[in-house]
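Peer 1: What follows is a predicted protein model with its sequence.
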Amino acid sequence: MIRTIVVAKAKNNAIGKDNDLLWRLPDDFKFFKEVTVDHFVILGRKTFDSLPGLLPRRTFVIITRQQDYVAPEGHFVVHSLEEAFELCEVQHSLKEVFIIGGGVIYKDSIDKGMVDKMLITEVDAEIDGADTFFPEFNEHEWNEAGRIHHTADDRHKYAFDFVTYTKK
């Protein structure tokens, strides 16, 4: 099973503040939807709770320490990344799963070497005041497999690149 991170991060690795995004980039939202639709997505409970609602055509695997947390019908609660991956790979025989946040889940998955691919929207901005960051990763362990540039325009305050990294 391919384990893929999907994230948008600023130059200073900022990804959020107060459980919210730091920007609104419509083409990044479109990319996120295209990539994750009809797939299982793994995320922390706080990230799940920050969503405006269930994202259509995605199955949520919510990681939480709360033993009594109940997922919406058709979705799953687990208590570790390992349990999330086992659910996806062993119980559901998935070919790919997407890790969509937040900061602690990203850090754990990278630190434990549990990621095969990263789809990173690199936003051309330095965001002050963020409280959630994407972790540093050893670039020598990753190949940049693709990059698509998007300029700032009337719908996008910042320029950004869609970058695909694959584990060496």
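Peer 2: Nice, thanks for sending it over.
Peer 1: Hmm, Val77 and Gln67 touching each other?
Peer 2: No. Using CB atoms under 8 Å, Gln67 makes no contact with Val77, being 9.3 Å away. All C-beta atoms are positioned from the backbone trio N, CA, C, and that covers glycine.
Peer 1: Tell me where the chain has helices.
Peer 2: Ranges of helices in the chain, per DSSP state H, are 26-36, 45-50, 81-86, 103-111.
Peer 1: Who has more neighbours out of Gln67 and Val77?
Peer 2: Each of Gln67 and Val77 has its neighbours counted (other CB atoms under 10 Å); Val77 has more, 21 against 7.
Peer 1: how deep is the closest residue to the more buried one other than its chain neighbours tucked in, by neighbour count?
Peer 2: Nearest in space to Val77, with sequence neighbours left out and distances taken as CB to CB, 6 or more residues apart in numbering, is Ala71 at 4.6 Å. The tally of other residues near Ala71 (other CB under 10 Å) stands at 16.
Peer 1: So Ala71 sits against Phe60, correct?
Peer 2: Yes. Assessed by CB under 8 Å, Ala71 is found in contact with Phe60 at 6.6 Å.
Peer 1: and the residue lying closest to Trp142 once chain neighbours are set aside, what does it touch?
Peer 2: Leaving aside its sequence neighbours, Trp142 sits nearest to Tyr165 (CB to CB, 6+ apart; 4.3 Å). Contacts for Tyr165 were tallied using CB atoms under 8 Å, 6 or more residues apart in numbering; they are 117-120, 142-145.
Peer 1: Of these, grab the buried ones for PyMOL.
Peer 2: Buried residues among those (16 or more other CB atoms under 10 Å), as a PyMOL selection:
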select buried, resi 117+118+119+120+142
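Peer 1: Which one of the contacts of Tyr165 is nearest to Asn13?
Peer 2: For these, the closest approach to Asn13 (CB to CB) belongs to Ile120, at 10.2 Å.
Peer 1: quick one, what contacts Cys88?
Peer 2: Contact analysis of Cys88 by CB under 8 Å, 6+ apart lists 1, 40, 42, 61, 94, 97.
Peer 1: what sits opposite the second one in the beta ladder?
Peer 2: The reference is to Phe40. Going by DSSP bridges, Phe40 is paired in beta bridges with Thr59.
Peer 1: wouldn't it be in contact with His92 here?
Peer 2: Yes. Here Phe40 lies in contact with His92, judged by CB under 8 Å, at a distance of 7.0 Å.
Peer 1: Between the two, tell me which one has more neighbours.
Peer 2: Neighbours per residue (other CB under 10 Å) separate Phe40 from His92, with Phe40 holding more: 20 against 14.
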